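> this one's sequence-less:
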């Protein structure tokens, strides 16, 4: 099997020395030149990413890659974009770096970094789905790699660009609720994926057109089981995903981070439902403590995350009237002059309602998260969820998943050293082993 690595020498040659950075690329080719787009992962969210990015001006889809050749995956994309070359192994795509300028990475979580890191080493602009990576260490590497390569990046937490989230951020920054004393965030909806108690024995025939070894990629080897992993239920398994917090945290915590200017947490502690080392929990509570900012009321800020079907914050902790109904997912920022409810993909609300009955909202218009990235690749504008920001948000989210796997411990985090200073068990979970032949090359 051919290795998935790019040598450090090659990385330095392309990313550290080459003059072909994002800015110089735009100067050389011009803002009106066509952006040649490749897509890795063309089903599900990958299809959405591909369609939305390609809808922008001067974008030409030249390459498509998916480990499943079926009608809902590579087959559909190839039918839509008939002139594009097709691949079932992303490494073969990267063997042809002169063919494309930018790539969307919309695989299961465990393959985000293994694909994106060598792509950036080749000088390619990258749009990568959330969560940015599968481990904390990978998230830090993505930031370093993007900076070294000088490429344009964007994480796929596209709700950041919706009017509702942008309006909520402005309300907090404008001081509408005063300095913030506490934050509660949650995702209490029904989980859409199948749960199994542990890895089952035996194997099922691999469907025609599914390249199972390539689908597994960097994950530990295991036999194919129908409907248990591909194409949606991989989200239940620790080897492939980051559970509920990983799936939704980069959306729901994003406006909180932006509004308050949060940095890395000081401590993280979790309580979770019983689980094993194969599947993710069904419910959890994660408590973060952050350094205070100019928009927080104290020297530190507490943020509590709740997830699992029906797992809402306790009403008496929120200071809201008894009749206030919480949405299934969102955040509540409790300030000195009031509270701001930020539902997941819905308009924000201010409380107490009587205090804000005459308040006039200044709605912030939406921007295009996808086309904005494509434009920035051509030197027009800048991205907002670039990897410098997205990696920090992802590190925080994934520290919560580390805490979930070490429940009951208050983990002390040293962001500068990328280390949990008081738990060897938690420190070991900041990274992971990789299947031989699929190891990334680190910066």
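Noted; the coordinates are in hand. Nothing here was measured: the structure is a model prediction, and the numbers come from that model.

> show me the contacts for the spatially closest residue to residue 397 that is not a sequence neighbour.
Spatial nearest neighbour of residue 397, chain neighbours left out: residue 249 (3.8 Å); criterion: C-beta to C-beta, 6 or more residues apart in numbering. The way it works is simple: take the backbone N, C-alpha and C, and place the C-beta from them, glycine included. Residue 249 makes contact with 131, 305, 396-397, 400, according to C-beta atoms under 8 Å, 6 or more residues apart in numbering.

> give me that answer again for 10 Å
130-131, 157, 185, 187, 242-243, 286, 305, 307, 393-394, 396-398, 400-401 (C-beta atoms under 10 Å, 6 or more residues apart in numbering).

> got the confidence number for it?
Listed pLDDT for residue 249 reads 99.

> which SS state does it fall under?
Put simply, residue 249 is helix when judged by DSSP: H, G, I helix; E, B strand; the rest coil.

> tell me where the protein has helices.
With DSSP state H as the criterion, the chain has helices at 8-11, 22-29, 45-54, 74-80, 90-94, 112-121, 136-149, 163-173, 212-216, 243-252, 254-260, 369-377, 387-404, 424-428.

> how about the last one: buried residues?
Right, the one you point to is helix 424-428. 426-427 (16 or more other C-beta atoms under 10 Å).

> distance from the chain centre to it, please.
23 Å (C-alpha atoms, centre = their mean, to the nearest Å).

> tell me which stretches of the stretch 251-400 of the chain form strands.
267-272, 284-291, 300-307, 329-335, 339-343, 349-351 (DSSP state E, counting those that start in this stretch).

> okay, how far is it across stretch 173-180, tip to tip?
10 Å (C-alpha to C-alpha, to the nearest Å).

> whoops, I mixed them up, stretch 416-425
Length of stretch 416-425, first residue to last, C-alpha to C-alpha: 19 Å.

> stretch 209-217 now?
End-to-end for stretch 209-217, by C-alpha to C-alpha: 16 Å.

> correct me if wrong: residue 258 contacts residue 169.
Yes: here residue 258 reaches residue 169: they are 4.9 Å apart, a contact under C-beta atoms under 10 Å.

> which neighbours do those two share?
residue 160.

> ok, back up a step: what's the closest of the helices of the chain to residue 279?
With C-beta to C-beta as the measure, helix 243-252 is the member of the helices of the chain nearest residue 279 (8.7 Å).

> quick one: the closest one to strand 267-272, angle?
130 degrees (axes from the mean of the first three to the mean of the last three C-alpha atoms, to 10 degrees).

> between helix 243-252 and helix 163-173, how many degrees?
Comparing the axes of helix 243-252 and helix 163-173 via the same axes, to 10 degrees yields an angle of 70 degrees.

> would you indicate which residues of helix 243-252 are buried?
Under the neighbour-count criterion of 16+ other C-beta under 10 Å, helix 243-252 has 243-252 buried.

> and stretch 57-74, by the same measure?
Buried residues in stretch 57-74, counting neighbours by 16+ other C-beta under 10 Å, are found at 59, 61-70, 73-74.

> export those to JSON lines and tack on distance to residue 374?
Shown next, in JSON lines, are the buried residues of stretch 57-74 (distance: C-beta to C-beta, whole Å):
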{"residue": "59", "distance to residue 374": "5"}
{"residue": "61", "distance to residue 374": "11"}
{"residue": "62", "distance to residue 374": "13"}
{"residue": "63", "distance to residue 374": "15"}
{"residue": "64", "distance to residue 374": "16"}
{"residue": "65", "distance to residue 374": "18"}
{"residue": "66", "distance to residue 374": "20"}
{"residue": "67", "distance to residue 374": "25"}
{"residue": "68", "distance to residue 374": "25"}
{"residue": "69", "distance to residue 374": "26"}
{"residue": "70", "distance to residue 374": "27"}
{"residue": "73", "distance to residue 374": "22"}
{"residue": "74", "distance to residue 374": "22"}
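
> still on that earlier bit, quick one: closest of the strands of the stretch 251-400 of the chain to residue 419.
For residue 419, the closest of the strands of the stretch 251-400 of the chain is strand 267-272, at 13.0 Å, according to C-beta to C-beta.

> how far away is the residue nearest to residue 413 when sequence neighbours are not counted from residue 150?
Residue nearest to residue 413 in three dimensions, not counting chain neighbours: residue 265, with 5.7 Å by C-beta to C-beta, 6+ apart. Using C-beta to C-beta, to the nearest Å, residue 265 is found at 29 Å from residue 150.

> OK, contacts around the closest residue to residue 219 other than its chain neighbours?
Of all residues not flanking residue 219 in the chain, residue 239 sits nearest, at 4.6 Å (C-beta to C-beta, 6+ apart). By C-beta under 10 Å, 6+ apart, the contact set of residue 239 is 108-110, 134, 199, 216, 218-220, 222, 229, 277-279, 432.

> again with residue 277
Taking C-beta under 10 Å, 6+ apart, one finds 198-199, 238-239, 405 in contact with residue 277.

> that older thread, and the buried residues of stretch 57-74, which is closest to residue 347?
Closest approach to residue 347 among the buried residues of stretch 57-74 (C-beta to C-beta): residue 59, at 31.0 Å.

> any idea how far the closest residue to residue 242 other than its chain neighbours lies from residue 324?
Using C-beta to C-beta, 6+ apart and skipping the chain neighbours, the partner closest in space to residue 242 is residue 401 (5.1 Å). Applying C-beta to C-beta, the value for residue 401 to residue 324 is 30 Å.

> okay, the helices of the chain in TSV with distance to residue 205 next?
Shown next, in TSV, are the helices of the chain (distance: least, C-beta to C-beta, whole Å):
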stretch	distance to residue 205
helix 8-11	39
helix 22-29	45
helix 45-54	25
helix 74-80	19
helix 90-94	24
helix 112-121	27
helix 136-149	33
helix 163-173	44
helix 212-216	10
helix 243-252	29
helix 254-260	41
helix 369-377	37
helix 387-404	33
helix 424-428	36
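
> which stretch in those is the model least sure about?
helix 8-11 has the lowest average pLDDT among the helices of the chain, namely a mean of 38.
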